Each structure stands twice: as structure tokens, then as C-alpha cells.
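> below: sequence and its predicted model.
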Amino acid sequence: MADQPNIPVPVEMPHSISRARIDDKGRIKLAAGFLHFFDALPERKVFVTSLDGRIAEIYPNSAWNEMEKFLIDNRQNPAARRALFTAGRLGSDCEVDSQGRVTVNSELRAELGLDNQELHIQPFNRTRIRILSAAMFSELMADFQAADPKADETELLGAGMP
């Protein structure tokens, strides 16, 4: 049998929401699946920020560069200008360490109320990781619990869901 080329398989982010806490040094420890994801990237640098002042997000640098370009290209839109300003005001560059920990700066933690509570870590759009406070997670849960699952399924099937 002929040798087959060594084609790297892209590593996907985990699919489920996990739990975490901020430690006394301001770091959040990501689940093992996220560490595997970051291990497969060419670099471990990330940008930790919030676009809306409500939900924190961890962007691999390449994903943040795309988001930043989008916001700059759309700066005529007031929402894009606000998101870019908020991201710069609350954000910080850091690296995912060998144990899967990411530092969340004190201003972002204080503004979003992330300290001293259980947090929910959500993969989002295959490009970033959202950090949800207990209050934000409860707000999202209330929205989803108020929905009609049968109507949602009908709508998604009509939109072509496999």
C-alpha cells in the first residue's frame, strides 16, 4: 500500500458547556478538551475581553484578529464602535498555560462579576470561548426554558436542519 500523506486533522473545540472558577491569581482553568484545542493551534496566545460588557470571551489570536478587522471595517456602525471600545477597555492579551489556565484581568472580572462563583464555559461559533457568570447563565437558561421546543424544531427543519 502506498504511503499516505500526513494530513493534519483540525482539532475542534469541545461541544458542551463546562464549569470553572477563577482562582486567587485571577486565572480560569479550562476543561481538558479546551487545552487539547489550544495545544493544536500554532500559538497559545489569546485575547480575553468582552464585546458587550456582559459576557467575557477568550479568543485565540487568529480569531480575535478576524473579529477586530470586522469591527474596524464596520466602524461606521455605532454598535461596532461600541464593541471595539469595550473590547479594548476590558481586554488583555495572555497565553494559555501548560495546565489550561487563562488569566482574566481584574477590570474584566470586576465589571462582569466573575470572582467567587461558579462560571460556565461555553464554546461559541467554533471561534471563541464564552465565560458566563452565574447571573448570565441563569438569564440565558430562562430565555431557553421559555421557548417552545416543538416550534423551534419545526422552524429549524424548515430552514434545512439535517
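Received, thanks.
> how far away is A110 from M136?
Distance of A110 to M136, computed by Cβ to Cβ, to the nearest Å: 15 Å. Every residue, glycine included, has its C-beta placed from N, CA and C.
> more neighbours: which of the two?
More neighbours surround M136 than the other of A110 and M136, with 19 against 11 (other Cβ atoms under 10 Å).
> where does the more buried one fall, secondary structure wise?
Per DSSP states H and E, M136 falls inside helix 134-145.
> now that helix: mean pLDDT?
The average pLDDT for helix 134-145 rounds to 93.
> gap between A159 and R89?
37 Å.
> lowest-pLDDT helix or strand in the protein?
Lowest on mean pLDDT, DSSP states H and E among the helices and strands of the chain sits helix 32-40, with a mean of 86.
> off-centre distance for that one?
Centre-to-centre, helix 32-40 and its host chain are 14 Å apart (Cα atoms, centre = their mean, to the nearest Å).
> which residues are contacting the next helix or strand along the chain from it?
Counting by DSSP H and E, the element after helix 32-40 in chain order, helix or strand, is strand 45-49. Under the criterion Cβ atoms under 8 Å, 6 or more residues apart in numbering, residues 38, 56-61, 64, 86-88, 90-96, 102-105, 108 lie in contact with strand 45-49.
> repeat that for stretch 72-83.
Outside stretch 72-83, the residues touching it (Cβ under 8 Å, 6+ apart) are 51-52, 70-71, 84.
> skipping its backbone neighbours, what lies nearest the residue nearest the centre of the chain in space?
The chain has I129 as the residue nearest its centroid, 1.7 Å off, counting by Cα atoms, centre = their mean. Using Cβ to Cβ, 6 or more residues apart in numbering and skipping the chain neighbours, the partner closest in space to I129 is I58 (4.3 Å).
> show me the strands in the chain, by range?
18-20, 27-29, 45-49, 56-60, 92-95, 101-103, 119-124, 128-132 (DSSP state E).
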